[in-house]
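>>> using only what follows, build the 3D model:
(2 chains)
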Amino acid sequence: MNKQISRVALVALLLLAALIVGTTYWQVWAAPGLAARQDNAIERVAQFRIKRGLIYASDGKTVLAANKAVKKAGETLFFRRYPTNGFASQVVGYSTQGRSRAGIERQENAYLTASNANLGTIFDKLTDNLKGATVTGNNLVLNLNVKAQKLAESALAGNCGSAVVLNPKTGAVEVMASSPTYDPNKIESPNGYASILHSPSACPGSSSALLNRATQGLFVPGSTFKTVTAAAALDSGKFKQDSRFDDPGYCTEYGKQISNALNPDQTAESYGNVDFLAAYEHSINAVFCNIGKSLGAKTVLDEAKKFGFYSKPPIELPSNEVAPSGLYNLQKGALYDNPKIVDPGRLAFGQEHLLATPLQMALVAAAVANNGTIMTPHLVKKVTAPGGGTVVKFKPQIWRKAMKPATAAILNQFMQAVVTGGTGTTAAIPGVAVAGKTGTAETKDNHVYTAWFIFFAPADNPTVAGAVVLEHQLNGFGGSVAAPIARQLMEALLPATSNK
Amino acid sequence: MAGLLTAVGVTEIYRLGPSDAFKQGLWIVIGVALFAVTLLGLRRDYRVLEQYKYLFGIGAIVLLFLPRLPGIGTTVNGARLWVHAGPFAFQPGELAKIFLIVFLAAYLREKREVLAQARLKDVGPLLVIWGACMLVLASSNDLGSGLLYFGIFLAMLYIATARLSFVVVGLGLFLAGGFFAYEKIPHVHERVIIWLQPWTTQKVYCPSTGGLALRQDCQSYQLVKSLYSIANGGFPGAGLGKGTFTSSDGVQLIPYLNTDFIYSALAQELGLIGAAALLLVFMLFVARGMKIALQADDGFSKLLAAGLTFGFALQTFIIVGGVLRIIPLTGITLPFVSYGGSSVVANFALLAGLMLVSNRANS
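You can find the predicted model right below:
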């Protein structure tokens, strides 16, 4: 009988050993994943005992997120305060007990609560725990430029739109504004969240101010997408810088004529025989329509993918706050990329269910500015320890090679021409070579447009690149409403020396 | 060891709710008293119990069916396990477990040679007990206890007959029964679904509200919150008294924290170090119990000690395994640690049984 008892004993001990394995799995292996879940109330509440790290703008002085200590039942709890009352709200996000977290507050929660895996942080946290002291999180310094961000927010105020400006060489995001905006301090107040969610705004459809339109807002890119089409044309070798085109004022699609953009006197423009530069400078739809038909939808879509379309740009925001750009089935709200069902002509000038985020279009401009290479966009400059000292400093990284350097050089000239003598002259800054491209996308309503401007400067050695978009503009064109905002932003960000 | 486990339990219960800890303390006193009475009463030769084996067998069945009686039985969380008599409420299943083990030890010792031949006639009782367990499972909606009784039965049958085929057939039957229950009994079906997919990304039907909700906000709310609690402890744990079980305005975040989910509370506060240490104490207890069984010199003692110990181990596995999502979650108590009068008293009785066997083997 003893042999059986030994075996049963072994089974019993194995069952209990399995429990240790199971506990190890949940406490060590699966713990980070569970901690990141937004319905994890325990993690959320537990973290209010941690003094979260502060969030600073790029000057290292302007505090965007701070703490308010509250004594409750013998414990000190730290609640978030946002001293700027709505500066880059969608980027900074919020951290609340009731509504969990959003934005940088969510994405960089590990640093802010000192639960990141850097050795120094682990040591500090352990000593704090042993001493019974309050655990203090690491601080974040963002790349956001206070002056330019404020400028962007006030310029966009009252409109539905967004502005993104980054350094094309490093990927540092200096402006990320989204309008309408909100005061994150109100999120946790009674009915605060609902009132922000339902407050009326200039935006058609989803009007929520919580939406980060820079990374989640999907807009018809219109003519700004011609930059991608031109890159595809030049990269393919089918077209050269000196290719010439005939513009009859329309392009024939499926036997129907699609006219160029209308002049103010309501007649379609026609430029006759033009070179590639002129076609881009004057944003001639008919020419790009024919380029698209000649290249085929697949070539254009493949080029767009090289620019980052169909993927989420890797930026320090929660995955559900970043949308990929591309062709969308509007009924299903889903991406599709089957070239067989795409009209290549319309795709070439950025219509045909094509939707893009302002961040994506800023990256298109940045690609041209940086010889065809897109750097990984970074909102966070560095992470610093509560007692001073740097925990992590983010180095520039290459995200994608969007096009050949030679193609980028040609497009650089094209985009300068737009500002010197084309559709984007309103973005010109005296003494600075500005490059840009307008976009005025049609909507279902007559005379109501989505106005775009993508840009970079100085053209010979670019340090700023970006995109401005304004939705639902009555008779507002890319050149008339978006480009002037872009000019202000460039003026604010370019060093005074180049601003002669 | 039992004292240590009990102390850990009372400490955690006190931390979660001081008034419950006082009641638990009262139950522990009763448990220890019963422990002493058992030891004193049976100090000469506990094997007299063998003579009353059918009384114990019938007693176990009566106890198991008590909650089914209208008037005194009550349904908690879809399972009929409780009996209310005046101000007292207890779960007779806990005591039934020990009665069943005593009965089986005596019955199997007598019939082991016959059973080992595995003739259809002799396998009859096996099928009867299997049927009874399934009946209990089906009637009380209690998957965990069904598994516990049947597991104890199989282990003791195997020890008595040394026939692995019984275990294989028994497990097969249990799985078949379990599958049937999964298909036919909504309560069991729900438990299995929660186990397999506690999180959903789309809203599903929520029986408690009748509307649509994510499963983690509805049926699997308890399990998911308990997993969050365990994960929050991490390796070092939050520290005793420093765990998070309520929100800052006092809303309870995990239900049944001091009974079914005491392990998730302990795991959060003590961390992996503490939880593993606690489980090691359970393992030591089991190892010690099995050693007693090995040292005992007669069949009844061996079967009794091994059965009690295996029941203890299996009960721990079923509840902690449920909390850890190793098996579907069923509400039974963690021996010695959980809050619950019947459980504490029954476990002290179990301990008394082991001590008696050990004492006899050593003398």
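
>>> give me the spatial nearest neighbour of residue 352, chain neighbours excluded.
Going with chain A. A:R346 (3.8 Å; Cβ to Cβ, 6 or more residues apart in numbering or on different chains). (Glycine included, C-beta is placed from N, CA and C.)

>>> if you could check chain B rather than the one you did, that'd help
B:T38 (3.8 Å).

>>> isn't the one you found right up against B:A346?
No - counting by Cβ atoms under 8 Å, B:T38 does not reach B:A346; the two are 11.5 Å apart.

>>> neighbour count for the two, which is higher?
B:A346 (26 against 19; other Cβ atoms under 10 Å in any protein chain shown).

>>> where does the stretch 101-250 of chain A dip in pLDDT?
Within the stretch 101-250 of chain A, the ranges that satisfy pLDDT under 70 run A:117, A:129-132, A:205-207.

>>> again, 90 this time
Along the stretch 101-250 of chain A, segments meeting pLDDT under 90 span A:101-102, A:106, A:109-137, A:157-159, A:179, A:184-210, A:242, A:246-250.

>>> mind listing the strands for it?
Taking DSSP state E, counting those that start in this stretch to define them, one finds strands in the stretch 101-250 of chain A at A:101-102, A:139-142, A:160-166, A:173-179, A:244-247, A:250-253.

>>> can you show me the CA trace of the second one as CSV?
In other words, strand A:139-142. C-alpha atoms of strand A:139-142 as CSV (Å, rounded to 0.1, in the frame of the first residue of the first chain):
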residue,chain,number,x,y,z
ASN,A,139,9.9,63.2,-14.5
LEU,A,140,9.4,63.5,-18.2
VAL,A,141,10.7,66.4,-20.3
LEU,A,142,8.8,66.6,-23.6
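
>>> roughly how far does the closest residue to chain B within the stretch 201-350 of chain A sit from B:L214?
Relative to chain B, the nearest point of the stretch 201-350 of chain A is A:N320 (11.5 Å; Cβ to the nearest Cβ). Between A:N320 and B:L214 the computed distance is 15 Å (Cβ to Cβ, to the nearest Å).

>>> between the two, which has more neighbouring residues?
Neighbour count, other Cβ under 10 Å: between A:N320 and B:L214, B:L214 has more, with 18 against 11.

>>> okay but the more buried one is in contact with B:V204, surely?
Yes - the criterion here is Cβ under 8 Å, and B:L214 meets it with B:V204 at 7.4 Å.

>>> show me the domain layout of the chain.
Since you didn't name a chain, this refers to chain A. A:52-142, A:146-380+A:403-498 (automatic domain parsing).

>>> was after chain B, sorry
B:1-41+B:220-363, B:49-184.

>>> the ones you listed: lowest mean pLDDT?
Set side by side, the domains of chain B give their lowest mean pLDDT on domain B:49-184, at a mean of 75.

>>> just the endpoints, please. Distance across it?
Taking Cα to Cα, to the nearest Å, domain B:49-184 runs 40 Å from one end to the other.

>>> stretch A:271-288 now?
Length of stretch A:271-288, first residue to last, Cα to Cα: 13 Å.

>>> how about it: buried residues?
A:271, A:274, A:276-288 (16 or more other Cβ atoms under 10 Å in any protein chain shown).

>>> ok, and the closest non-adjacent residue to B:L108?
Of all residues not flanking B:L108 in the chain, B:A160 sits nearest, at 3.9 Å (Cβ to Cβ, 6+ apart).

>>> these two touch, right, the one you found and B:E110?
No - using Cβ under 8 Å, B:A160 makes no contact with B:E110, being 9.7 Å away.

>>> which one of these two has more residues nearby?
Neighbour count, other Cβ under 10 Å: between B:A160 and B:E110, B:A160 has more, with 27 against 15.

>>> gap between the more buried one and A:V8?
11 Å.

>>> and A:F219, by the same measure?
For A:F219 relative to A:V8 (Cβ to Cβ), the value is 69 Å.

>>> of these two, who's got more company?
Remark: of A:F219 and A:V8, A:F219 carries more neighbours, 28 against 23, as counted by other Cβ under 10 Å.

>>> for that one, name its beta-bridge partners.
A:A356 (DSSP bridges).

>>> buried sites along stretch A:65-82?
Buried-residue list, stretch A:65-82, by 16+ other Cβ under 10 Å: A:65, A:67, A:77-78, A:80, A:82.

>>> one more: stretch A:234-246?
In stretch A:234-246, counting by 16+ other Cβ under 10 Å, buried: A:234-236, A:239, A:241, A:245.

>>> and for stretch B:189-198?
B:190-195, B:198.

>>> most neighbours per residue, which of the domains of chain A?
Scoring the domains of chain A by mean neighbour count under mean count of other Cβ atoms under 10 Å in any protein chain shown gives domain A:146-380+A:403-498 as the most buried, with a mean of 21.

>>> check contacts around B:L329.
Neighbour list for B:L329: B:191, B:194-195, B:222-223, B:260, B:322-323 [criterion: Cβ atoms under 8 Å, 6 or more residues apart in numbering or on different chains].

>>> reformat those as CSV; add secondary structure and distance to A:Q360.
What follows is the contacts of B:L329, written out as CSV (DSSP: H, G, I helix; E, B strand; the rest coil; distance: Cβ to Cβ, whole Å):
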residue, secondary structure, distance to A:Q360
B:R191, helix, 46
B:I194, helix, 41
B:W195, helix, 42
B:Q222, helix, 43
B:L223, helix, 40
B:D260, coil, 50
B:G322, helix, 47
B:V323, helix, 45
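
>>> on the C-terminal side of the helix or strand harbouring A:Q413, identify the next helix or strand.
Element membership for A:Q413 (DSSP states H and E) is helix A:405-421. As assigned by DSSP H and E, the chain's next helix or strand after helix A:405-421 is strand A:435-442.

>>> quick one, the helix holding A:Q413 and strand A:435-442 angle?
Following axes from the mean of the first three to the mean of the last three Cα atoms, to 10 degrees, one obtains 80 degrees for the angle between helix A:405-421 and strand A:435-442.

>>> which residues are contacting helix A:405-421?
Contacts of helix A:405-421 (Cβ under 8 Å, 6+ apart): A:227, A:230-231, A:234-235, A:241, A:276-277, A:280-281, A:283, A:365, A:367-372, A:402-403, A:424-425, A:427-428, A:433-438, A:455-456, A:459.

>>> helix or strand with the lowest mean pLDDT in chain A?
Least confident helix or strand, chain A: strand A:256-259 with a mean of 67, by mean pLDDT, DSSP states H and E.

>>> out of the strands of the stretch 101-250 of chain A, flag the one nearest chain B.
Closest approach to chain B among the strands of the stretch 101-250 of chain A (Cβ to the nearest Cβ): strand A:101-102, 15.2 Å.

>>> check whether that closest one contacts chain B.
No - with Cβ under 8 Å from any Cβ of the partner chain as the criterion, chain B is not reached by strand A:101-102; the gap is at least 15.2 Å.

>>> for stretch B:288-302, measure first residue to last.
OK, stretch B:288-302 end separation, Cα to Cα: 13 Å.

>>> what does that stretch contact?
A:1-2, A:5-6, A:8-9, A:12, B:1, B:47, B:50, B:105-106, B:108-109, B:112, B:159-160, B:303, B:305-306, B:308-309, B:312, B:354, B:357-358, B:360-362.

>>> at 6 Å what do you get?
The contact list for stretch B:288-302, computed with Cβ atoms under 6 Å, 6 or more residues apart in numbering or on different chains, reads A:1-2, A:5, A:9, B:47, B:50, B:105, B:109, B:305-306, B:309, B:354, B:357-358, B:361.

>>> and those residues, which is closest to A:A297?
Nearest to A:A297 among the contacts of stretch B:288-302, counting by Cβ to Cβ, is A:A9 at 69.6 Å.

>>> name the element the residue nearest to that closest one when sequence neighbours are not counted belongs to?
Excluding the flanking residues, the one nearest A:A9 by Cβ to Cβ, 6+ apart is B:M290, at 3.6 Å. Using DSSP H and E, the element containing B:M290 is helix B:262-295.
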